[in-house]
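Undergrad: Quick one: sequence plus predicted model below, questions after.
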Amino acid sequence: MAPADGPAEPVGAHGASGPAGGVQPPPAPAPLTGPVPAVDAHHHLWDPADPGQDWLAEPGHAAIDRVFTADDLRAAAAGGVDGRPLGAAVVVQSVCTPGESRALLATAAADPLLAGVVGWVDLTGDVLGQLDDLRSGAGGELLVGVRHLVQGEPDPAWVLRDDVQRGLRVLAQEGLAYDLLVREPQLAAGVEAARRAAEHGLVVVLDHAGKPDVRRGAPAGALDAWEERVRALAAVDGAVCKVSGVLSEVGGSGADDDAVRRVLDVLLDAFGPQRLAFGSDWPVCTLASSWAQWAELVAGRAAGLGAADRDALFGATASRTYRLADRAGSTDRTTT
């Protein structure tokens with residue numbers, strides 16, 4: 001990653017630069033047979049030394065306060081999910097800086113596993129100008145969506161502000177998805193934002209299922225309001241939900257297994273597999289579980305689905321939502 005006003009360097013390489021003429025991508029994987037390869041619709045790459053990543057030094061984050069690369073993801077996901085190998089991944093911004101997004105795009109351009117990038121732009125500013133800047137650099141055509149850390153905004157209705165709504169309409173015009181990152185108290189505004197977005201053809205993707213509280217000892221009825229609002233979001237045409245991040249914030253109390261099962265069952269019932277996308281939230285997930293453990297949990301809950309529904313949940317929904325094949329097919333996967 002690089003400062004917002006500096007040149008973008010590929011991230012996840014421990015600060016190393018590539019050979020003259022650009023970073024050389026790893027060899028393309030051999031053709032696969034058997035189940036359709038999986039897509040991890042949500043993961044991160046970072047270097048704690050990069051601007052904006054100081055949040056990693058906060059209490060509770062020691063286990064993830066290090067460099068994470070795409071090769072680390074390959075190792076974590078080596079066992080695949082639902083009997084299928086990991087064939088593609090969508091890397092998502094973790095800090096609100098254009099420098100990080102430029103660097104993630106450059107990294108994705110050099111690695112065929114990274115099929116798309118959900119980056120960041122200031123939705124209250126010149127959105128088209130910022131998008132043009134990102135798309136003009138290495139890997140720019142791999143920009144598949146935009147996300148803002150709405151969960152950290154003090155205004156629970158931030159996403160409904162007029163200036164934000166103008167920015168979201170630009171995303172719709174540019175054919176990008178919008179990743180909605182909210183906590184349960186902000187979910188009501190997120191539902192209304194999704195309704196407005198649908199009028200403009202903008203695909204809203206709910207990250208981490210709206211962060212339901214699945215901790216052991218959570219207040220009684222903690223999931224009731226979440227379920228009501230997530231079902232309201234599922235009723236919006238075109239809205240998509242990532243089956244990701246459910247365990248990432250359980251902390252030392254651990255997860256309530258019954259609550260986790262309820263969350264997964266509500267998602268399957270409300271959205272259906274055709275609008276659900278498996279994501280790991282790796283490496284944040286490692287604060288509570290490994291990539292493989294989360295994959296096994298989701299696959300087990302989806303075991304009764306038919307082949308087409310499992311194909312959707314574990315890859316096709318993400319590919320359709322982010323138009324991964326369209327962008328990958330039109331992009332030179334090398335840096336310049």
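TA: Perfect, I can see it now.
Undergrad: any idea of the mean pLDDT for stretch 264-277?
TA: What stretch 264-277 shows for mean pLDDT is 98.
Undergrad: Just the residues contacting it, thanks.
TA: Stretch 264-277 has contacts (C-beta atoms under 8 Å, 6 or more residues apart in numbering) with 39, 41-42, 205, 209, 227, 230-231, 234, 239-244, 246, 297-298, 301-302, 305, 309-310, 312-313, 316-318, 321. C-beta: built from backbone N, CA, C; applies to glycine.
Undergrad: Please narrow those to those residing in helices.
TA: Counting by DSSP state H, the contacts of stretch 264-277 place Glu227, Val230, Arg231, Ala234, Leu297, Val298, Arg301, Asp309, Arg310, Thr317, Ala318, Thr321 in helices.
Undergrad: could you flag which of those residues are buried?
TA: Glu227, Val230, Ala234, Leu297, Val298, Arg301, Asp309, Arg310, Thr317, Ala318, Thr321 (16 or more other C-beta atoms under 10 Å).
Undergrad: From those residues, pick the one nearest Ala110.
TA: If you rank those by distance to Ala110 using C-beta to C-beta, Ala318 comes first, at 21.0 Å.
Undergrad: where's the closest one relative to Leu143, distance?
TA: 15 Å (C-beta to C-beta, to the nearest Å).
Undergrad: do Gly221 as well
TA: Distance, Gly221 to Leu143, by C-beta to C-beta: 40 Å.
Undergrad: same thing with Arg66?
TA: 27 Å.
Undergrad: next one: Trp46
TA: According to C-beta to C-beta, Trp46 and Leu143 sit 18 Å apart.
Undergrad: got it, and Lys242?
TA: Going from Lys242 to Leu143 by C-beta to C-beta gives 18 Å.
Undergrad: what sits opposite Arg84 in the beta ladder?
TA: Per DSSP bridges, the residues bridged to Arg84 are Val81.
Undergrad: What residues does the one residue sitting closest to the centre of the chain make contact with?
TA: Geometric centre of the chain, nearest residue: His42, 3.1 Å, by C-alpha atoms, centre = their mean. In this structure, His42 makes contact with Val90, Val92, Asp207, His208, Lys242, Ser244, Gly245, Ala277, Gly279, Ser280, Asp281, judged by C-beta under 8 Å, 6+ apart.
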